[in-house]
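Colleague: can't give you the sequence, but here's the structure:
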């Protein structure tokens, strides 16, 4: 397992070993890589980047067909790997209709079906919920012992039981530690003092206003007759409130955000937004300008948000007021030293702080965040949490769809868990921690690392 902070070069090292980055570029790469295997499999950090076929079945078959595997054997391998990954129901689905976590499972299935000698995994559980993450590492332990696995992973507390050796990369891309995984077993990934400080800060104040800024009533959505993504979900959001939505892959979290954002069609009298005249109004009757001047969506991949060549330009594009508020956002989110950097070259944590700074300057009263912890290691979770609490303090109302119970417990006033499109829990983190149901307890934070797993 390759460990290290965001931006330390973990993925670059993995790509070099896997041959995804050519190691023959003059003046760019020093050293030599010798591969003594014939078959390599790789799963990238962004699963959608690997999706090329019109159905899941064809996606898994693609690599096997290119290797000349017999059609009958292809069919057997597809059914076998779908069963092992517990995604038989996805066989005939279109990848474009799948959630990020479901896409990740399909990418893993396609790689495993190739029966590679070496399997390279770049953040293989980045889009997976806690239950699916545990299932994935259980699956890794069952894989043929003749397969060598090289993995970059931030969810170390889950990965340790099936890892034999680790390498840790420092900020300069050099090896700062390596050895048996027993040397790091029991390490606490979440500093207790900082965690308690953030938790106290998140719950010292109740929402500033008892009036709703967003009210959703009985939201339902079906992508086709087989898949009901949301089933009569209702929620209210107050000024200065943070609501975190947790749930398994495909449970409807992203669909819920897209319904709230008007990106999926809504029926009349289902979503209401408090307008500037202080009245709740049906969003189907608002102009796009009136609606989106109050609400901003931050996608899973921050890159989709960027348009300019430097951080400084990103912070000023489209803003009529580029003076005091811009400088406040730069300081607030710790971007001062990054102003001349290209946004695409920032670490994952820095990219997310940049998108939050942009949101701060846009002055939208409501923020919808989709998987903001994607690609973040534990140390970077705390700066993200601090940034969100700063926005909360300034009156922003935030809905977060996330797999990170840790982030939810650090910042949320309310936690909501959905399963198969239905709400199965709504309350505070403290109330969730008192629940005995195994399904709900899977969404508790692993503050004590592997000791809790």
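Modeller: Cool, the structure landed. What you see is a predicted model; the values in this text were computed from it and never measured.
Colleague: now residue 268: which helix or strand?
Modeller: If you go by DSSP states H and E, residue 268 is not part of any helix or strand.
Colleague: please name the nearest non-neighbouring residue to it.
Modeller: Nearest non-adjacent residue to residue 268, counting by Cβ to Cβ, 6 or more residues apart in numbering: residue 284, 5.3 Å away. Heads up, the C-betas are built off the backbone N, CA and C, glycines and all.
Colleague: how about residue 328?
Modeller: Among residues not flanking residue 328 along the chain, residue 360 sits closest, at 7.8 Å (Cβ to Cβ, 6+ apart).
Colleague: quick one: residues contacting that neighbour.
Modeller: Residue 360 makes contact with 325, 328-329, 332-333, 391, 394, 396, according to Cβ atoms under 8 Å, 6 or more residues apart in numbering.
Colleague: can you list the low-confidence ranges for the chain?
Modeller: The model of the chain has pLDDT under 70 over residues 23-31, 144-145, 184-209, 318-325, 447-453.
Colleague: how far away is the residue positioned nearest the centre of it from residue 75?
Modeller: The centre of the chain sits closest to residue 374, judged by Cα atoms, centre = their mean, with a distance of 3.1 Å. To residue 75, residue 374 is 34 Å away according to Cβ to Cβ, to the nearest Å.
Colleague: repeat for residue 229
Modeller: Distance from residue 229 to residue 75, by Cβ to Cβ: 29 Å.
Colleague: so which of those two has more stuff around it?
Modeller: A count of neighbours by other Cβ atoms under 10 Å puts residue 229 above the other of residue 229 and residue 75, at 25 against 14.
Colleague: three-state assignment of that one?
Modeller: strand (DSSP: H, G, I helix; E, B strand; the rest coil).
Colleague: when you give positions from now on, start the count at 611
Modeller: Sure, I'll start counting at 611 from here, so that last one is residue 839.
Colleague: and for it, nearest residue in space, chain neighbours not counted?
Modeller: residue 865 (4.2 Å).
Colleague: just the strands from the stretch 961-1063 of the chain, written as ranges.
Modeller: Remark: strands assigned in the stretch 961-1063 of the chain by DSSP state E, counting those that start in this stretch are 976-980, 1007-1011, 1024-1029, 1032-1037.
Colleague: let me have those strands in a markdown table, extended by mean neighbour count and distance to residue 852.
Modeller: Converted to a markdown table, these look like this (neighbours: other Cβ atoms under 10 Å; distance: least, Cβ to Cβ, whole Å):
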| stretch | mean neighbour count | distance to residue 852 |
| --- | --- | --- |
| strand 976-980 | 24 | 9 |
| strand 1007-1011 | 26 | 5 |
| strand 1024-1029 | 22 | 8 |
| strand 1032-1037 | 16 | 14 |
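Colleague: need those in TSV with distance to residue 1048, can you?
Modeller: Below are those laid out as TSV (distance: least, Cβ to Cβ, whole Å):
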stretch	distance to residue 1048
strand 976-980	27
strand 1007-1011	23
strand 1024-1029	13
strand 1032-1037	12
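Colleague: looking at these, which is closest to residue 695?
Modeller: The closest of the strands of the stretch 961-1063 of the chain to residue 695 is strand 1024-1029. By Cβ to Cβ, the value is 19.3 Å.
Colleague: for that closest one, name the packing helices and strands.
Modeller: The contact analysis (3 or more Cβ pairs under 8 Å, 6 or more residues apart in numbering; DSSP states H and E) places strand 1024-1029 against strand 852-856, strand 1032-1037, helix 1039-1043.
Colleague: out of these, which gets nearest to residue 769?
Modeller: Among those, strand 852-856 sits nearest to residue 769 (Cβ to Cβ), with 20.6 Å.
Colleague: what angle do the closest one and strand 976-980 make?
Modeller: In terms of direction (axes from the mean of the first three to the mean of the last three Cα atoms, to 10 degrees), strand 852-856 departs from strand 976-980 by 20 degrees.
Colleague: chain center to the following helix or strand past strand 852-856: distance?
Modeller: Under the assignment DSSP H and E, the closest C-terminal helix or strand after strand 852-856 is helix 863-870. Chain-centre distance of helix 863-870: 15 Å, with Cα atoms, centre = their mean, to the nearest Å.
Colleague: who touches helix 863-870?
Modeller: Helix 863-870 has contacts (Cβ under 8 Å, 6+ apart) with 709-710, 824, 826, 829, 831, 839-840, 843, 855-857, 874, 876, 880-881, 905, 907, 910, 978, 980, 1009, 1011-1012, 1028, 1031.
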